[in-house]
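J.: Generate coordinates for the sequence data below:
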Amino acid sequence: MAKAFEDTKTKNSVYLTMKRHTYSTKKIRAAEEAAETAAGDSVMKTDEKDKEYPTMVRLTHGTKTKLSTLVQPQDLDRFMVQYTNIIKINMDALKKKERKKAVKAKKATA
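T.: Okay, here's the model as predicted:
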């Protein structure tokens, strides 16, 4: 990851996406629900808000470099600290924003 950010000083861009990762897909959930209804047993469902999910981190650099990893909930704070340090070190590669000069309207004084 650090190597990808270092390479941005000369060329290319780095795109990083983070999102919650769930292990089940719609097909798996539908199959589980069908199995529950077929058995006739009522199953107590857990609250979705109480579950902790890992975070999927994907990094794309240029056209050939793609990295992805799962960060477990207990390791997320440590990951974010390391990621923040990498970003701070490589901040000098950023371009300054080009601002348009505002046209000042002259007000007629009466």
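J.: for the residue nearest to residue 12 when sequence neighbours are not counted, what are its contacts?
T.: Excluding the flanking residues, the one nearest residue 12 by C-beta to C-beta, 6 or more residues apart in numbering is residue 62, at 4.3 Å. Any C-beta I mention is one placed from the backbone N, CA and C, and that applies to glycine too. Residue 62 is in contact with 7, 11-12, counting by C-beta atoms under 8 Å, 6 or more residues apart in numbering.
J.: Next one, pLDDT for residue 62 please.
T.: Per-residue pLDDT puts residue 62 at 75.
J.: distance of it from residue 68?
T.: Distance from residue 62 to residue 68, counting by C-beta to C-beta, to the nearest Å: 15 Å.
J.: What of residue 82?
T.: Here residue 82 is placed at a distance of 16 Å from residue 68 (C-beta to C-beta).
J.: And residue 99, by the same measure?
T.: From residue 99 across to residue 68, the span is 36 Å (C-beta to C-beta).
J.: which of the contacts of residue 62 has the most neighbours?
T.: When the contacts of residue 62 are compared by neighbour count (other C-beta atoms under 10 Å), residue 7 ends up highest, at 17 neighbours.
J.: list the contacts for the residue lying closest to that residue once chain neighbours are set aside?
T.: Once flanking residues are discounted, residue 7 sits nearest to residue 61: 6.7 Å by C-beta to C-beta, 6+ apart. By C-beta under 8 Å, 6+ apart, residue 61 lies in contact with 4, 7-8, 12-15, 67.
J.: Nearest residue to the middle of this structure?
T.: residue 18 (1.6 Å; C-alpha atoms, centre = their mean).
J.: Is it bridged to anything, and to what?
T.: Beta-bridge pairing of residue 18 under DSSP bridges involves residue 57.
J.: so it makes contact with residue 59?
T.: No - using C-beta atoms under 8 Å, residue 18 is not in contact with residue 59, being 9.9 Å away.
J.: Can you classify residue 34 by secondary structure?
T.: helix (DSSP: H, G, I helix; E, B strand; the rest coil).
J.: if I look at it, how far off is residue 9?
T.: According to C-beta to C-beta, residue 34 stands 54 Å off from residue 9.
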